[in-house]
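**Q** compute the structure for the input listed below.
(one chain, ligands or ions: 3)
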Amino acid sequence: MSHSVEPAAALDPALVPKASEIAREAGARLREFYAQGVETEYKGDVDLVTVADRTVEKLIRGRLAEAFPAHGVYGEEGTRDRMEGEYRWYVDPLDGTTNFAHGFPQFCVSMGLDHRPAGLAADGDGPLAAGVIYDPLRDELFTAQRGQGAYLNGKRIHASRCAHLAEALLATGFPSRKRHASPNIHFYQEFTLRSHGVRRAGSAALDLAYVACGRLEGFWEFNLNPWDTAAGLLLIDEAGGRSTDFSGNPYRLDSREVLASNGLIHDELLRLFEDMFAGRDLEPIPTPQEYARQRAERLRNGK
Ligand code: IPD
Ligand code: CA
Ligand code: CA
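**A** Ligands and ions are numbered 1, 2, ... in the order given. Now for the predicted structure:
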């Protein structure tokens with residue numbers, strides 16, 4: 001089931017404020033760890049984890065259990081609490097760990113709430129009900145509740161009105177596992193040549209929040225998890241944007257591939273995916289070898 005089915009019964013109006021408080025507290029802990037510096041461990045390939053990821057997930061898990069004792073919690077660092085609950089939080093305590101570990105100031109806390117009505121298959125996803133993303137370094141809190149709009153620090157936000165890919169600013173991300181299996185660098189090249197540019201800032205949740213508030217027109221990534229996407233996708237929905245997989249099917253939490261946009265350039269993005277998968281219409285650029293030959297020639301001619 002996609003998250004675009006009928007809204008859940010009215011949520012407690014205190015839910016988003018309470019979740020925001022938890023995200024702010026978690027973000028404040030991240031800020032402390034960031035200031036003091038942390039050791040990095042490898043989960044695999046270049047997939048990093050730090051004491052901050054684990055400590056902050058534990059903090060969020062405890063706070064969610066106090067605030068919403070019936071809600072499930074599914075966290076990147078292993079939390080699987082009350083999986084039978086009617087509501088389930090997908091939690092990324094630190095989205096942008098590689099940035100965090102290197103002192104690059106782009107990371108956040110992301111918490112998305114999925115409504116899972118009775119009868120839903122264990123691997124099914126219901127409509128997203130709420131989402132909170134907090135950037136502790138900029139003190140930016142993105143919030144959304146289904147049917148109530150999306151907000152940045154309490155002010156309503158909307159996806160951008162840019163209607164052409166050629167005038168769009170985009171973002172993407174690259175996997176930290178099985179890097180040799182990812183074709184994304186080809187998409188990065190092609191989208192770069194057809195837009196104002198593609199940012200690769202290293203926090204998928206913030207990339208999605210930026211699509212929701214109009215700083216970016218679009219975002220795609222090949223292999224994301226529900227804790228990266230749940231909150232951001234609801235923000236985009238509530239801000240008037242659109243999210244699908246690369247074939248245009250409605251986004252599901254287990255889709256893994258994400259194509260999100262302001263809605264207006266979505267069909268253009270989907271067409272480019274279709275063309276690229278079919279090997280059509282690719283923009284030529286020189287290979288490094290061809291470039292080296294041109295460069296040598298220029299140097300010989302003193303240019
Ligand atoms: C990562 C970030 C990054 C994206 C990776 C994610 P993490 O999350 O969102 O932008 O490109 O695919 O895994 O590991 O920092 O929580
Ligand atoms: Ca993440
Ligand atoms: Ca993470």
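**Q** do you know how far residue 81 is from ligand 1?
**A** Look at residue 81 and ligand 1: by Cβ to the nearest ligand atom, to the nearest Å, they are 19 Å apart. From N, CA and C alone the C-beta is placed, and that goes for glycine too.
**Q** contacting residues for that residue?
**A** Contacts for residue 81 (Cβ atoms under 8 Å, 6 or more residues apart in numbering) come out as 61, 65, 72, 73.
**Q** which one among those gets closest to residue 237?
**A** Each of the contacts of residue 81 was scored against residue 237 by Cβ to Cβ, and residue 72 proved nearest at 21.4 Å.
**Q** give me the phi and psi angles of the closest one.
**A** Main-chain torsions, residue 72, degrees, to the nearest 10: phi -80, psi 160.
**Q** do the same with residue 114
**A** phi -100, psi 130.
**Q** what's the neighbour count on it?
**A** The local packing of residue 114 (other Cβ atoms under 10 Å) involves 28 other residues.
**Q** in what helix or strand does the closest residue in space to it that isn't next to it in sequence lie?
**A** Distances taken as Cβ to Cβ, 6 or more residues apart in numbering put residue 88 closest to residue 114, at 4.8 Å, once the chain neighbours are dropped. Per DSSP states H and E: residue 88 is located in strand 87-95.
**Q** tell me what that strand is packed against?
**A** For strand 87-95, the elements it packs on are helix 15-36, helix 51-67, strand 72-75, strand 108-115, helix 204-212, helix 226-238, judged by 3 or more Cβ pairs under 8 Å, 6 or more residues apart in numbering; DSSP states H and E.
**Q** mean confidence score for that strand?
**A** Averaged across strand 87-95, the pLDDT comes to 98.
**Q** how about the helix or strand following it and ligand 2, any contact?
**A** Using DSSP H and E, the helix or strand that follows strand 87-95 in sequence is helix 97-102. No: residues of helix 97-102 are not located near ligand 2 by Cβ under 5 Å from the ion, the shortest gap being 7.4 Å.
**Q** now do the buried residues in helix 97-102.
**A** With burial defined by 16 or more other Cβ atoms under 10 Å, the residues of helix 97-102 counted as buried are 97, 98, 99, 100, 101.
**Q** quick one, grab the pLDDT at the second one.
**A** As summarised for this prediction, residue 98 has a pLDDT of 95.
**Q** I'd like to know how far it sits from residue 176.
**A** 7 Å (Cβ to Cβ, to the nearest Å).
**Q** what sits in contact with each of those two?
**A** Contact with both residue 98 and residue 176 is made by residues 46, 48, according to Cβ under 8 Å, 6+ apart.
**Q** what residues does the protein put near ligand 1?
**A** For the chain, the contact set with ligand 1 under Cβ under 6 Å from any ligand atom comprises 76, 92, 95-98, 173-176, 202-204, 221, 224, 228.
**Q** which of the residues you listed come close to ligand 3?
**A** Near ligand 3, by the rule Cβ under 5 Å from the ion, you find 76, 92 out of those.
**Q** of the residues of the chain next to ligand 1, buried ones?
**A** 76, 92, 95-98, 173, 175-176, 202-204, 221, 224, 228.
**Q** quick one, domains of the protein?
**A** 15-156, 165-277 (automatic domain parsing).
**Q** just give me how far the longest one sits from the chain centre.
**A** In terms of Cα atoms, centre = their mean, to the nearest Å, the centre of domain 15-156 is found 12 Å from the chain centre.
**Q** endpoint to endpoint, stretch 213-220 covers what distance?
**A** One end of stretch 213-220 to the other measures 16 Å (Cα to Cα, to the nearest Å).
**Q** now that stretch, how far from the centre of its chain.
**A** Per Cα atoms, centre = their mean, the centroid offset for stretch 213-220 relative to its chain is 11 Å.
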